[in-house]
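Colleague: Generate coordinates for the sequence data below:
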Amino acid sequence: MPTKGEIGCCHQIVRCHGILAKISPSAPITLLMSKSSRPHIYWRDVAKLAIGACIIGFPISVTEEVWNLGSELSFVRVLPFTIASVALLAAVIFVIHRKDGEPLSLEALLVRVVVTYSVTFLICALFLLGIDRLDLFQNPMAALNRTIIVAFPASFAATLVDSFADRLHDR
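Modeller: Residues are numbered from 1 along each chain as shown. Below is the predicted model:
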């Protein structure tokens, strides 16, 4: 590593599977994590996710079919729907970041999936609460089922808005 007075001694920077390596003849290889593999999310990412969740979440939350499905389906039937939703969301996030040329690490992928689904779930719950269809105290299972049903398409919209905004920002 260069000391304070040196300009630098790095002769080559190599990219290998999304990780940068500084190769110097006199120092060991220094690995730098690429931007997409760091497991953190900025506030602007959360805002983009919230906007994307609003695009689909609000129109779906005001439909009577969602209210009826949430009341009629048991949680046992909604649980596989939730698992499939999170798995598909993880696949979409992985593919989107893979196309950018820098695949996410497993930790970064899990963080992004959890944050995306959490923000979407909260936005959808707020929409249902606003239209008085989130019966938390009278029928909490129906409230949970309704929120899960609305969060499924809204999470994909949130992911796509986040991806499109990132692509526009990079230009």
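
Colleague: Please count neighbours and contacts with C-alpha atoms only from this point.
Modeller: Fine.

Colleague: Can you give me the distance of the closest residue to Lys48 other than its chain neighbours to Val66?
Modeller: Excluding the flanking residues, the one nearest Lys48 by CA to CA, 6 or more residues apart in numbering is Asp162, at 5.2 Å. Distance from Asp162 to Val66, counting by CA to CA, to the nearest Å: 25 Å.

Colleague: what does Val46 give?
Modeller: 25 Å.

Colleague: hey, which helix is longest across the chain?
Modeller: helix 140-170 (DSSP state H).

Colleague: List the buried residues in that one.
Modeller: 141-163 (16 or more other CA atoms under 10 Å).

Colleague: Likewise for stretch 64-75?
Modeller: 66-67, 70-71, 75.

Colleague: Adding secondary structure and pLDDT, write those residues out as CSV.
Modeller: Compiled in CSV, those are given as follows (DSSP: H, G, I helix; E, B strand; the rest coil; pLDDT from 0 to 100):
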residue, secondary structure, pLDDT
Val66, helix, 86
Trp67, helix, 86
Gly70, helix, 85
Ser71, helix, 87
Phe75, helix, 88
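
Colleague: so which of those residues comes closest to Asp132?
Modeller: Taking CA to CA as the measure, Asp132 lies nearest Trp67 of the buried residues of stretch 64-75, at 10.8 Å.
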